[in-house]
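>>> I would like to see how this sequence folds:
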Amino acid sequence: MVIFLLSMLGIIASLFTMGLVFKTRETPIIKSSSPLFCILILVGIILGYLFFTPYLGIPEIVNCVTPPILGPLSFSIIFGYIF
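You can find the predicted model right below:
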């Protein structure tokens with residue numbers, strides 16, 4: 001339950017940051033770092049937070065299939081845009 005709450009707190013913080021980046025996308029600091037770049041990194045971070053939630057439920061097909069997909073996908077999105 002604690003992992004789920006921390007994950008949801010991280011998702012809410014990431015969504016808040018995404019909204020803030022979208023709202024201030026015309027300022028020079030955000031413009032210089034590319035708002036699309038920042039938002040795509042935040043999408044990868046949100047997927048990383050979602051990676052832990054299937055482990056908390058009852059073992060089913062969906063809970064067993066999603067972690068091997070979400071883990072590498074979030075890692076690829078985050079580091080793919082950095083490098």
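>>> how deep is the nearest residue to Met18 once chain neighbours are set aside tucked in, by neighbour count?
Leaving aside its chain neighbours, Met18 sits nearest to Leu42 (4.7 Å; criterion: Cβ to Cβ, 6 or more residues apart in numbering). Quick note: C-beta positions are derived from backbone N, CA and C, even for glycine. Neighbour count of Leu42, defined by other Cβ atoms under 10 Å: 21.
>>> check which helix or strand covers Leu42.
Element membership for Leu42, per DSSP states H and E: helix 35-50.
>>> Using PDB, write out every CA atom in the helix or strand just after that helix.
As assigned by DSSP H and E, the chain's next helix or strand after helix 35-50 is helix 61-82. Extracted in PDB, the C-alpha atoms of helix 61-82 (Å, rounded to 0.1, in the frame of the first residue of the first chain):
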ATOM      1  CA  ILE A  61      -2.300 -12.200 -16.900                       C
ATOM      2  CA  VAL A  62      -2.300  -8.300 -17.200                       C
ATOM      3  CA  ASN A  63      -0.300  -7.900 -14.000                       C
ATOM      4  CA  CYS A  64       2.300 -10.400 -15.200                       C
ATOM      5  CA  VAL A  65       2.600  -9.000 -18.800                       C
ATOM      6  CA  THR A  66       2.800  -5.200 -18.100                       C
ATOM      7  CA  PRO A  67       6.000  -4.900 -15.900                       C
ATOM      8  CA  PRO A  68       8.300  -6.400 -18.600                       C
ATOM      9  CA  ILE A  69       6.800  -3.800 -21.000                       C
ATOM     10  CA  LEU A  70       6.600  -0.700 -18.800                       C
ATOM     11  CA  GLY A  71      10.100  -1.000 -17.300                       C
ATOM     12  CA  PRO A  72      12.200  -1.000 -20.500                       C
ATOM     13  CA  LEU A  73       9.700   1.400 -22.200                       C
ATOM     14  CA  SER A  74      10.000   4.000 -19.500                       C
ATOM     15  CA  PHE A  75      13.800   3.600 -19.400                       C
ATOM     16  CA  SER A  76      14.000   4.000 -23.200                       C
ATOM     17  CA  ILE A  77      11.800   7.100 -23.200                       C
ATOM     18  CA  ILE A  78      13.700   8.800 -20.400                       C
ATOM     19  CA  PHE A  79      17.300   8.100 -21.600                       C
ATOM     20  CA  GLY A  80      16.500   8.000 -25.300                       C
ATOM     21  CA  TYR A  81      15.700  11.700 -25.200                       C
ATOM     22  CA  ILE A  82      18.700  12.600 -23.000                       C
END
